[in-house]
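> Structure of the sequence below:
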Amino acid sequence: MEEPSRRMLRLFRLSVPPVFFLLACYVFLGEHVFGLAYVIGKRLKPRLRATLRGVYRLCTAFIAFVVHTYLWYACADDDGASLCPSTRFGERNCLAITSTAALHCGATLLVERWANPMFQLGQPTGLRVRCCAAAGLMLTWIAVADQQLCAHLLLLLFTSRRTLVHFPAVEKVYALCIKLYAVLHMSRILTRQCDAIPKLAVATVAAMAVL
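All right, here's what the predicted structure looks like:
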């Protein structure tokens, strides 16, 4: 593995506590903290708010599509049918897009705490939803640090939901495919047919079940 890749993975390991702190703030900060966003949203004219909401969704969907597509391109194993594919964290392109995707997912969670009330996106913001999202991202961070395929599966799930936000039926089927693959991959790990960390595989399947 190249030295820059080692440094990046080491950085992921060192950044686990700060990321945990940020996600804890994301979970436990109540809606009253974002009162300014509610005030701005109420002052926007309905037509302007609808326009901004549409632009926001299109922009986030486009960015997620680019990230999702490049994840497939840079990190997919040559043997696409394998349930134990080789991870490519040591390759510069794969590690770069993996890091970018993780940062994108984290930034999107934080930005949407403001955008949701401001543009009236209508997304659920309850404590349970925030806990599930934060747990999924924290698990992704740890899986990247440990160079596990579970990180890519979680990132594909997160980015596909934003990419296909205007096609909910397609998004649901695609998400089920990713979850099914995660279950099959976990079964191979638990039977020691894949060289991976069983605890992370089980945690990934459990997180996907509630995401």
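> only C-alpha atoms for contact and neighbour calcs from this point on.
Will do.
> Tell me where the model's unsure across the protein.
The chain contains residues with pLDDT under 70 at 1-2, 78-81.
> elements contacting the top helix by length along it?
Across the chain, the longest stretch assigned as helix under DSSP state H is helix 46-75. Contact analysis of helix 46-75 by 3 or more Cα pairs under 8 Å, 6 or more residues apart in numbering; DSSP states H and E lists helix 92-119, helix 149-163 as its packing neighbours.
> Now with 10 Å, please.
helix 35-43, helix 92-119, helix 149-163 (3 or more Cα pairs under 10 Å, 6 or more residues apart in numbering; DSSP states H and E).
> will you turn these into CSV that also has mean neighbour count?
Below are the helices and strands packed on helix 46-75 laid out as CSV (neighbours: other Cα atoms under 10 Å):
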stretch, mean neighbour count
helix 35-43, 15
helix 92-119, 18
helix 149-163, 23
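> would a markdown table of the ones you listed with distance to T60 be doable?
Converted to a markdown table, those look like this (distance: least, Cα to Cα, whole Å):
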| stretch | distance to T60 |
| --- | --- |
| helix 35-43 | 19 |
| helix 92-119 | 8 |
| helix 149-163 | 7 |
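> so what's T69 up against?
Shown in contact with T69 (Cα atoms under 10 Å, 6 or more residues apart in numbering): 156, 159-160, 163.
> Tell me the one of the residues you listed nearest A201?
A201 lies nearest to L156 out of the contacts of T69, by Cα to Cα, at 15.3 Å.
> thinking again about what came up before, closest to P85 out of the helices and strands packed on helix 46-75?
When these are compared by Cα to Cα, helix 149-163 sits nearest P85, at 8.0 Å.
> tell me which element P4 falls in.
P4 belongs to helix 3-14 when assigned by DSSP states H and E.
> Next, the angle from that helix to helix 92-119.
Calculated by axes from the mean of the first three to the mean of the last three Cα atoms, to 10 degrees, helix 3-14 forms an angle of 40 degrees with helix 92-119.
> and helix 3-14, what other elements does it pack with?
Packed against helix 3-14, as judged by 3+ Cα pairs under 10 Å, 6+ apart, are the following elements: helix 92-119, helix 127-145.
> Can you add distance to A175 and give those back as TSV?
Formatted as TSV, those follow (distance: least, Cα to Cα, whole Å):
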stretch	distance to A175
helix 92-119	16
helix 127-145	14
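> These: which one's closest to L44?
Relative to L44, the nearest member of the helices and strands packed on helix 3-14 by Cα to Cα is helix 92-119, separated by 8.5 Å.
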